[in-house]
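Engineer: Sequence first, predicted coordinates after that:
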Amino acid sequence: VQLVESGGGLVQPGGSLRVSCAASGFSFGSYTMGWFRQAPGKGREFVATINWRGSDTAYADSVEGRFTISRDNTKNTLYLQMSDLKPEDTAIYYCAKYSGLKTPYGSSVYSQYDYWGQGTQVTVSS
């Protein structure tokens, strides 16, 4: 299993950015996926999740209405579109594979994910 994030960078407050996660080594289209983030000096926190079919999504309250998670099962790629970015969104963003097969709902529970990418840095600053 390999998860490789990309698309991070420096963006001004109020700006937008899309990060991607290229998956390989497993049947991507059969698993719920999630995005988590870790800010300096803080623990890893849930951001968004999407079920295997893309029909169910869930978000942390802090990003609801600003971030959109999506997936393209034909390209084995997970996305996180981020808009109206704030300085408090600054963090390393990680994608993760859920441990269960074809679960109907996404999950915000860190311990239920079994594989993680190396992360991509997102910095929101003027």
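Structural biologist: Looks like it arrived, so ask away.
Engineer: Stretch 52-59: end-to-end distance?
Structural biologist: End-to-end span of stretch 52-59 (Cα to Cα, to the nearest Å): 16 Å.
Engineer: can you give me the strands for the protein?
Structural biologist: Ranges of strands in the chain, per DSSP state E, are 2-6, 9-11, 17-24, 31-38, 44-50, 57-59, 67-72, 77-82, 91-101, 113-116, 120-124.
Engineer: For the second one, name the packing helices and strands.
Structural biologist: Which is strand 9-11. strand 120-124 (3 or more Cβ pairs under 8 Å, 6 or more residues apart in numbering; DSSP states H and E). Using the backbone N, CA and C atoms, a C-beta is placed for each residue, glycine as well.
Engineer: chain center to the strand it packs on: distance?
Structural biologist: 13 Å (Cα atoms, centre = their mean, to the nearest Å).
Engineer: Mind listing the strands it pairs with, and their directions?
Structural biologist: strand 9-11 (parallel), strand 91-101 (antiparallel) (DSSP bridges).
Engineer: pLDDT averaged over it - what is it?
Structural biologist: Average pLDDT, strand 120-124: 98.
Engineer: orientation of that strand relative to strand 31-38 in degrees?
Structural biologist: When axes from the mean of the first three to the mean of the last three Cα atoms, to 10 degrees is applied, the directions of strand 120-124 and strand 31-38 differ by 50 degrees.
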